[in-house]
Structures are given as C-alpha cells and as structure tokens.
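Asker: from the sequence below, what's the structure:
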Amino acid sequence: MAKTFIVLLVIFGWMTALEAQSPETTTAKLRQLLTEHLSTPRHHITNPVALNVAEDFIYDTFMSYGMQTFKHAFHMEKDGVTYQGSNVIGVWPGRRTMTSLDRPVLLTAHYDTPYEMPALEKNGGGLAALLEAARVLTSERCMRDYTMFFTAFDYAANFERAYDKDSPCREIGCGCRAFLEDILLPFVSKSGFPVGNFQGAFVVDGLLNYNNTPGAQEIPYPDVFRTIPGFADGYDEVVADGYRGNFIATIGRQKDAPLVSVFNTKFARAGSVRFKSRDLIIPHMDVFGPQAQSDPYWPVYRTIIDADVYGFYKVHPELKAILLSDTVHLRGRETEWGALTPADSVTLTADRLNFLKKTTDVLVSVLRDMAGHHATCKGADGFPSGFKQGLRLDGTLHLNANSRQNVSLVVNSIEARGFVQATLTSPSMTLELSGMFNPDEQQVALRYQEPHKIAPGPLTVTCTMIGKVLPFRSGLVYMGEMRGVCGEKMVFDQLGYQNFVLFNSQAVGTPDASTLPRGNATPVVLALMGGIAFTAAAAAIAFILYKQRVSGLPSTYWVMNENKA
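Answerer: Coordinates of the predicted model:
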C-alpha cells in the first residue's frame, strides 16, 4: 500500500512538472478572461474608466508573467489640443536580445473598443488570445533565442473616423505607429541588425465570431475578389463552402506570404477541421508604393488592412506583418451589425470558444518555433549549487574611465521555469532586474523589470546584464557583459558593452581562467570590493593573461554564445 502511494506521488509529481513545463490554454481560461475582464466597452469618450481599468489589467498581467513591462505614452494633436494614448508593452528577451543576431517576433491586439460597439467583438477575442499566448510562452522553462514582443495598442481607430468625429486619431493605428517609431525601430537600430531580420508581427483583431450557418459570410466586391491574384483561391473556398463564417482570415502582402503559410499550415493540422483558415495575399510588396497605388484594385487592398497591420505597412514596408481576423462586420451574428449597441455582445458558445482556442494554440506554436528554443529545458533544476534566493554578489562598477561605484547584486527570487528577479544597488542607484537562467550554457540574462524613458534619451529596455554563473572554490562567480542604456550615466554605447565579474563572500582564490567568459578584449570593469579586493585583482589579471595567452585565436572565439550564428 505504501509503495503504491509512493508510486502515485511520483506519477502525480511527474504529471504536475510536465503540465508546468508545457502549459496549454483552455476554453475555461479564455471564457474567464472574456467575461471577467474584457466584456465591458473600453472607449476614450464613452467609457474612459473601463479603458483605464483594462490598461492596468493588461499591465499587471504582463508583470505577473515576469516580462519586461511598461506603458508607452504617445501623443496626438487635434484642433490645437494634445491628446495622450497609452500602449502596454511586454518584452520576453532571448539569448540573442540586444545583439546583431536577434530576430524578434511580435503578437499584438488593440485594447480600446470602437465607438458604440460591443467589447467582445472588438477586440475581446484578440486580447484573450494575446494574454493567453503570452502566459503559455513565458511559463515554459526554455530560454528563447530571440526577443518576443507582446503589445496591446491604444487608439486603433479603424472604426472611429466614420462614427466618432471627436477622436484625435484620424488615421488607422495611432498607437501601433507610435510604438513602431518610438520603440521597435530604435530597438532594432540599437541592436545592430537590419529591419529585415524582424521576423514578423501577428496582428489579431476579432477572433471570436464563428458562424457555421450557410450564407453567414459576406464577401465585399465579389467580382473583384474572384479575379485578384492572391484573393481568388480564398474567394473560391468560401463560395464552395456555402458562404459559411467558419474561418480565420489571414491577410498580408507578398512579402508576408511566409507568415501566412506557416500559420495556415499549423492551423490545418491543429484541433478540429471544422475551423478553417482562408488567406488573402495582396499582390504587392509595398502597399503604399506608387506601383500599388496605381493598381485599380488599390482601394480594395486598403480596405482589407483597416486595422493595426496598416501601421506596420505604413511606417516601414520592410516590417513583415499579417492580420488574423474573423472579418468582424462581414460575418453575421445574433444582432445585425447596423443595429448593434454596446450591450449586444456576441454569445460565448462552445464553438466560438473552441474556435478562439484553436487560433490561440496555433499562435503559441508558431511563435514558439520562430523565437527558437532548446530541446533540453531544465529550468531552475540546472542552477549551480548556491545560486538561490538571498544570494549576494559584490563588485565595483566602472561607469567610465573616471567614475566607479561599489555595487551589490542580490537574488530576490527564483522560479522553477528559470525566471530570476534581482536588485543591483549602489550608493546612487537601484536597478530592479529580472530575466531567465539558461541551464544549457549556465547563463543568467537580467534586464529592467520596468523599463523607463530617460528624457530626452531612449528607453532602458535595451539595458542588459548577461553572463555565466560558475562555481569555484567554495563560492560563485557571475561574469559577463553589460550592454545598452541602463541609466543617465550608464550608457554603454561607445564600446557596445562592458565586461563584469561579481563574487559572493564565500568565493576565495582565483577562478580557473579557462572558465572565464569569452568576451571582447575590453578590460574587466567589475572587481571585488572590501576584504576580497586582492582576489578580484588576481581574477582580473588571470582574465587578461588568459586572453593574451590565446590572442592568436580567431576573433569569433571571444564572442559569447548568444552572439554566435
């Protein structure tokens, strides 16, 4: 009996660990998000309180996932008056974040609702998919290779221009375009990779209305749709299926066709075959270029991208992005679209929730593959002995040639998935950091938990403290590189980064030089403080001598693993 009980405990523990390692979304979770947090209209004029509540909920949810989270304020002008909007940004960094080898991906939904429209249709389903995909991906124990952005945009305004004359957003995607100009493109520039290395954005806008009734799906401009290359196949499939509203529309340009293809392929293989996808590919690389605008069908192309995806195409045509949508007002529902009031929310049937779940699951699978991950994911189980909550590491930070400060790094918490929270302090600063442990490389990457803007400079979202945690003697050493903008007096731009070495108080003796990180030839700028200064000097000397000893090796030998192709 006792043995049976032990076996059951082992099985239960294994199943619990497996569930934690590979979490999945559920229709119950989606329903809870929709009914408890996303069912109230969120509009700047008709319900600004609910809009602010939703903004704070998304922010708190991103924070609870451990992402770098911040609110991005942007401004619009109308009739001489300045209006402010607020995007909510979550960043899940990877091994190659803030390097020239990064290839970011992005998932986004707008959180404001259009004037006098129900909240579930626009855009409760998209927000639920965003929040659930972010939860699942950040719960997994693997450190990704590339940066993942999760964004909730304000002032989408794709329905506002006709119905709300008071809106200051007079062009589609005000929040989206501000994010691209203020955050994403500067991030790309600071990282040093070309815009073309941005793998792509998935814009989700209306994912909830599944209607399998024949004739439920309207197709605008049918004579045009059946003749345009890239539209004809989707049109024929809808017609052959009896104009049923049983699909997700995947919309992009020729440049975005690979994103459409990977999503549709996974969608066809996942879940119930009742839920389908139909693609519409605009036959132009640059929707706003002279060739596209001279196309007689350009007004049609312009109409079907009436969502935040417009912002990506408008701000920089090299940014790849696709729109995923249930086609919103082109699909029949319980109350006719022309007679809708904010109280006429779509009914949350089992089919609609499963439709949303399948789309969310496919997004998780696509983003997981695009962001890259390792086969082995040991999480906190792979930490060196002694790296635990309460660990303190000390050193001296050289801000520049003439300035240095004593600093301490304290580990505040460690989670099973490998998520780490820590505080870096000195007499003049306190940095609250968070990040992930990569057990395959014994590497900890820490960044600002809540990035902020240094007026009039850039966001500290670029600040990175990344290095290896290694045991030696009876203690630990954390050594690596600091990069990016970490404060007004901590801008590592000239050299790109600075090396650091931090020890805990039990670390005595000199570490084996062969275990030191393979950084650039920049001198070590973090040494020990207090009674172990001699040891620090010895470690620094060993580091420099070691580099001199192998100076004949190729330059790529010194690049940290996350910088390697």
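Asker: all contacts plus neighbour counts: C-alpha atoms, from now on.
Answerer: Fine.
Asker: state the mean pLDDT of stretch 393-404.
Answerer: Computed over stretch 393-404, the mean pLDDT rounds to 73.
Asker: ok, now stretch 249-260?
Answerer: On average, the pLDDT along stretch 249-260 is 95.
Asker: next, the buried residues of the longest helix along the chain.
Answerer: In the chain, ranked by residue count with DSSP state H as the criterion, the top helix is helix 350-371. Buried residues in helix 350-371, defined by neighbour count with 16 or more other Cα atoms under 10 Å: 351-368, 370-371.
Asker: before we move on, what about stretch 419-433?
Answerer: For stretch 419-433, using 16+ other Cα under 10 Å, the buried residues are 419-425, 431-433.
Asker: where does pLDDT dip in the chain?
Answerer: Where the chain drops to pLDDT under 70, the residues are 1-23, 157-166, 374-381, 398-403, 453-458, 489, 491-497, 505-565.
Asker: what residue is smack in the middle of it?
Answerer: Using Cα atoms, centre = their mean, the residue of the chain that lies closest to the mean C-alpha position is Phe149, 1.9 Å off.
Asker: what about that one, which helix or strand?
Answerer: strand 148-153 (DSSP states H and E).
Asker: just how off-centre is that strand within its chain?
Answerer: Relative to its parent chain, strand 148-153 has a centroid offset of 5 Å by Cα atoms, centre = their mean, to the nearest Å.
Asker: and that strand, what's buried?
Answerer: Along strand 148-153, the positions that meet the burial threshold by neighbour count (16+ other Cα under 10 Å) are 148-153.
Asker: try stretch 274-291
Answerer: Of the residues in stretch 274-291, those with enough neighbours to count as buried (16+ other Cα under 10 Å) are 275-288.
Asker: which of those residues lies closest to Met76?
Answerer: Ranked by distance to Met76 (Cα to Cα), these are led by Phe288 at 22.4 Å.
Asker: residues contacting the longest helix of the chain, please?
Answerer: Judged by Cα atoms under 8 Å, 6 or more residues apart in numbering, the contacts made with helix 350-371 from elsewhere in the structure are 24-27, 30-31, 94, 103-105, 125, 129-130, 132-133, 136-137, 144-148, 199, 207-210, 262-263, 266-267, 270-272, 275.
Asker: now for the buried residues of stretch 419-433: which two are most distant?
Answerer: Within those (distances taken as Cα to Cα), the two that end up farthest apart are Phe419 and Thr425, at 19.9 Å.
Asker: stretch 224-235: which residues count as buried?
Answerer: Neighbour counts using 16+ other Cα under 10 Å place 225, 228, 230-235 of stretch 224-235 among the buried residues.
Asker: nope, stretch 198-218 is what I was after
Answerer: Neighbour-count burial for stretch 198-218, counted by 16+ other Cα under 10 Å, picks out 198-212, 215-218.
Asker: please apply the same query to stretch 130-149.
Answerer: Residues 130-149 are the ones in stretch 130-149 that count as buried (16+ other Cα under 10 Å).
Asker: mind checking the end-to-end distance for that stretch?
Answerer: Using Cα to Cα, to the nearest Å, the gap from the first to the last residue of stretch 130-149 comes to 11 Å.
Asker: nearest spatial neighbour of Thr113, chain-adjacent residues omitted?
Answerer: Closest residue to Thr113 apart from its sequence neighbours, by Cα to Cα, 6 or more residues apart in numbering: Arg42 at 5.1 Å.
Asker: and the one you found, how many residues sit next to it?
Answerer: Residues within reach of Arg42, counting by other Cα atoms under 10 Å, total 29.
Asker: and it, how close does it get to Gly382?
Answerer: Distance from Arg42 to Gly382, by Cα to Cα: 44 Å.
Asker: coming back round to it: what separates the residue nearest to the centre of the chain from Leu391, distance-wise?
Answerer: In this view, Phe149 and Leu391 are 30 Å apart by Cα to Cα.
Asker: Cys463 too?
Answerer: Relative to Leu391, and taking Cα to Cα, Cys463 is found at 22 Å.
Asker: just want to know which of those two has more residues nearby.
Answerer: For Cys463 versus Leu391, the count of surrounding residues by other Cα under 10 Å is larger for Cys463: 22 against 16.
Asker: tell me where the stretch 151-300 of the chain has helices.
Answerer: Residue ranges of the helices in the stretch 151-300 of the chain, as given by DSSP state H, counting those that start in this stretch, are 160-163, 174-179, 185-191, 222-225, 232-240, 257-269, 290-293, 298-304.
Asker: ignore what I typed, I meant the stretch 401-550 of the chain.
Answerer: 533-549.
Asker: the helices of the stretch 151-300 of the chain: which one's closest to Val407?
Answerer: For those, the distance to Val407 is smallest for helix 185-191, at 25.9 Å, taking Cα to Cα.
Asker: give me the buried positions along the closest one.
Answerer: By neighbour count, with 16+ other Cα under 10 Å as the criterion, the buried positions of helix 185-191 are 185-188, 190-191.
Asker: just the closest of those residues to Tyr59, please.
Answerer: Using Cα to Cα, those come closest to Tyr59 at Phe187, 20.5 Å.
Asker: ok, the closest residue to the closest one other than its chain neighbours - contacts?
Answerer: Nearest residue to Phe187, sequence neighbours excluded (Cα to Cα, 6+ apart): Thr462, at 7.1 Å. Neighbouring residues of Thr462 by Cα under 8 Å, 6+ apart: 98, 187, 190, 447, 483-486.
Asker: just these: which are in strands?
Answerer: Using DSSP state E, 447, 483-486 are the members of those that sit in strands.
Asker: dump the residues you listed to a markdown table, plus neighbour count and distance to Phe247.
Answerer: Compiled in a markdown table, these are given as follows (neighbours: other Cα atoms under 10 Å; distance: Cα to Cα, whole Å):
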| residue | neighbour count | distance to Phe247 |
| --- | --- | --- |
| Arg447 | 27 | 40 |
| Arg483 | 23 | 45 |
| Gly484 | 23 | 43 |
| Val485 | 23 | 44 |
| Cys486 | 24 | 46 |
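Asker: those residues into CSV, with extra columns for distance to His75?
Answerer: Putting these into CSV (distance: Cα to Cα, whole Å) gives the following:
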residue, distance to His75
Arg447, 27
Arg483, 30
Gly484, 26
Val485, 24
Cys486, 25
